[in-house]
Structure formats: C-alpha cells, structure tokens
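[1] Here you go, sequence then predicted model.
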Amino acid sequence: MNYKETTEYLFNQLPMYQRIGKAAYKTDLKNTLELCKLLDHPHKRFKSIHIAGTNGKGSTAHFLASIFQTAGFKTGLYTSPHLKDFRERIKINGEMISEDYVVEFVKKNKKEFEKIQLSFFEMTVGLAFQYFADEEVDIAIIETGMGGRLDSTNVIDPVLSVITNIGFDHMQFLGDTLPKIAAEKAEIIKKNTPVVIGETQSEIQELFIQKADSVNAEITFADDIFELKKLSHKALDVACFDVWKNNELYIEELESPLLGEYQAKNIATALQAADVIKNQFGLSHNIITDGIRDMASNTGFRGRWQILSKNPLTICDTAHNKEGIKEVVSQLRQLNYDQLHFVLGMVNDKNIDQLLRLLPHEATYYFCKADIPRGLPEKELKMAAHEVGLRGRRHSSVREAYNVALNNAGTNDLIFIGGSTFVVAEIV
C-alpha cells in the first residue's frame, strides 16, 4: 500500500468516531491493552504529559509542546482530529510523522490489528506510541480523544495530568451532567502524579479534589494561581497579556500567536502545568515565555481564531460545542464590522438547536455540509437554523459557501467560518 491507500484503509475500513460517530466508541480498554502488548508497550519508553478536557486541550497541548521544544527537548505531540493531513496528529518538534513510517507501521501490523478488531483511534494511538518510542523522544504531550477513563490514551503513566475544563459535549458517551462528565475525565489522574485543573468550576471542584486525594496526587487549579490581563496591541495577529501569579506581576507583555479571548484560560493552564514540573525539566522563566510566544511556528498550530484574510477580515475557528461557541460569539461582538457573513456547517450527532440559539441573528448565513459522512446535510441545517431565526441560503459545499460569502462581502465586512472542525478543515 502507498500512503493514500494506507490512510484510506485507516479512515474507511475501521470505525472512526470523527467520521461516523457513536458506532466507533468502545466501552473498555481491552483492545488498547492488547495493542500495547502486541507492540511491546512502547508507551513505557518515553515520558509523557496527559491532557483531557472539553475545550482547550489541543491549544494547551501545543503550548506545552512548544515550551519543551524551546527548552531543547525532543518533544512528541499527539492530538486529534487533524485538519488537512492525518499526519498532523503525530508530530515531533513540530514535524509530522513521515508517510513512509505510517505505511510501514500499518503494513507490518495490519493482520494482527484486524484480529483484535481495532478502531481507527486505537490504531492511531498505537502508531503514535510506537513512533515516539522508536524516535526516542524526551517527552510526549498526549491529548485524549474523548473523555478519559475509556480513552485509548489512558494507558500511559504520565509525569503530569492536565484537565482543562468540563463542558457539555459527547454527552451520549460521557453523561448528561457536569459531575458525570468530570468523573470520566478525572480518571486520567494517576497515583502520586501531580494534576493541574485549568478552570475552577464549583459544581465539580470537590470531585477533582477527592479523586486526587484518593490517589495521593497533588492538585492545583490554574485560575487560582495565574491571571492574565489582556493589553491593547497594535498587531492584529498577536495577543498580548500581563500575567499575574499569586497576585504579583509575573510576566510583562506576554505575547501569544493565538488570538481568541478564550486562549487566556489555556495559557494560564499551560503556565501552571509548566510551573509544576519546571524544576524536573529545567524550564526557566524565559523558556516558558518564549515557548508561549513561538507556539504556532514551533508546532504548526492552526484553526483556532485564525485570521485567513484581512480584506475583508476573514476568521475561522473550530469551536463546535456550547462553551466554545459562546466564546466565539462573545469575541465576534467585540469586533467592528458592517455586516457579518457566517459560513456554517455542523455534524449530525449534536443537539444543534441549543447551539444555533447561541449564534447572532443579525448575520447572513451560508449553510453547508463538510465532506464527511457525519456532516449534517445543509438542507437540514438551514431548516433548523430558520426555526430559531437565523437567515441565509444553503450551498452544496463548504468551498462554494465560502466563495459566495467572499463575493458578497464588502471591504468592511467580516466573514466567519465555523461550527465544526471539518468545515474549517476545508478552508484553511
């Protein structure tokens, strides 16, 4: 098999949550444990940091990876989903895994994988672990795919666990209350291993504390320690903050390439995570600051409040759940523009009525469907949107929707593209 055939095999022959939804979900770690045994436990051959959460775990993972790269460590990074190329999920020092390695790994193990009946995600986790072990990374930043307790990544023994926040997403798997969802994600907290919680949420704070106490894990809440105050900055493509630690000025004018207002929470989480283990890895103040500043160039991060064009101003963001969309809408309201053109697509296994009610009524909408089986047909999306007062036309593809929006937009208008990671992926 060549690379194209190999990725088609990965995507199509085996279940993949991002494409088909619930049918890909496994109810235990049996397959992953068999996989690790087959590969001779590669995850035991490198140090790791494990990151879970509803929103922000990808950004936090990239910030931490950048900090370790800046410090000179050979740094693995495993995240999901990808935007353009499957290999974006598995990187070392910002460089994607090679096509040849992917092909050889699948060719070598394909028969055994089929005996175990591995899912797409399980195979991909095995690939990442094997690659990081073979390449002898110093540390790997590992993001969960979904949840925590039953996530295929939850076989690692990390030096640090991080949970960014808890919100309502994937409720058909994780539960329909914050405590139920938090209990699933809390299972990445390991014995005698420090854990950082990004956001203090009163309804679940005690749950995390009790879980940490039960396994003798030191727990800290990042927003108890770090506060970021955004500064006005002339550059459109840089965010700037004064950082306060324990009510004392810690970093002046910290620059970040991620522009979303919500990224302040993720930076605080990454700062606290780095602070907890800085002595273990020799992470100096300057290394941490430079790692935050250079994150996008170090890791190749894309898709979060990303400016695609300045005339007209065109922005995309992969936010796709209630908390994420609330943040996006809040930031849109802070911008000055004549008319908002909103290219919108969603997936078919979410409570979209709840999400659509969060979106601005004054926008012109361009409804579309991402080119995946899980995408919600544009006709259904338009009908649901009209029910809550959103007006616009449907289009046969994301690209068509974007091109029509571009043709309609004036110089002082704003085009926003979002609603799903897969919609953004077709534009960036």
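    That came through fine.
[2] Tell me which residues touch the spatially most central residue of the chain, please.
    In the chain, the residue lying closest to the centroid (Cα atoms, centre = their mean) is residue 58, at 3.0 Å. Applying Cβ atoms under 8 Å, 6 or more residues apart in numbering, we find residue 58 in contact with 79, 143, 301, 304. (C-beta placed from N, C-alpha, C; glycine too.)
[3] Enumerate every residue touching the second one.
    Taking Cβ under 8 Å, 6+ apart as the criterion, residue 143 is in contact with 51, 52, 57, 58, 61, 78, 79, 80, 153.
[4] Turn those residues into JSON lines, columns for secondary structure.
    Formatted as JSON lines, the contacts of residue 143 follow (DSSP: H, G, I helix; E, B strand; the rest coil):
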{"residue": "51", "secondary structure": "strand"}
{"residue": "52", "secondary structure": "strand"}
{"residue": "57", "secondary structure": "helix"}
{"residue": "58", "secondary structure": "helix"}
{"residue": "61", "secondary structure": "helix"}
{"residue": "78", "secondary structure": "strand"}
{"residue": "79", "secondary structure": "coil"}
{"residue": "80", "secondary structure": "coil"}
{"residue": "153", "secondary structure": "coil"}
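[5] And these, which of them are buried?
    Neighbour-count burial (16 or more other Cβ atoms under 10 Å) applied to the contacts of residue 143 gives 51, 52, 57, 58, 61, 78, 79, 80, 153.
[6] What is the least confident helix or strand in this structure?
    helix 17-20 (a mean of 48; mean pLDDT, DSSP states H and E).
[7] which element follows it toward the C-terminus?
    As assigned by DSSP states H and E, the chain's next helix or strand after helix 17-20 is helix 30-38.
[8] Which strands and helices lie in contact with that next one?
    helix 99-116, helix 120-134 (3 or more Cβ pairs under 8 Å, 6 or more residues apart in numbering; DSSP states H and E).
[9] tell me the most buried of those helices?
    helix 120-134 (a mean of 24; mean count of other Cβ atoms under 10 Å).
[10] can you confirm residue 220 is in a strand?
    Yes. The assignment for residue 220 is a strand, going by three-state DSSP.
[11] Find the residue closest to it in space, skipping its chain neighbours.
    residue 196 (5.6 Å; Cβ to Cβ, 6 or more residues apart in numbering).
[12] Kindly report the domain assignment for the protein.
    3-299, 306-425 (automatic domain parsing).
[13] biggest strand in this protein, by residue count?
    When the chain is parsed with DSSP state E, its longest strand is strand 248-256.
[14] How about residues contacting it?
    226, 228, 231, 238-244, 263, 267, 285, 289, 292-293, 295.
[15] about what we covered before: and which of the contacts of residue 143 is nearest residue 349?
    Distances from residue 349 to these, taken as Cβ to Cβ, are shortest for residue 80 (16.7 Å).
[16] Wait, that closest one touches residue 89, no?
    Yes. Contact criterion Cβ atoms under 8 Å: residue 80 and residue 89 qualify, at 5.3 Å.
[17] any residues in contact with both of those two?
    Common contact partners of residue 80 and residue 89 (Cβ under 8 Å, 6+ apart): residue 124.
[18] so where is the stretch 201-350 of the chain shaky, pLDDT-wise?
    233-235 (pLDDT under 70).
[19] Strands of that one, residue ranges please.
    219-221, 226-231, 239-245, 248-256, 306-310, 313-316, 340-344 (DSSP state E, counting those that start in this stretch).
[20] Please name the nearest non-neighbouring residue to residue 427.
    Nearest to residue 427 is residue 417, by Cβ to Cβ, 6+ apart, at 5.4 Å.
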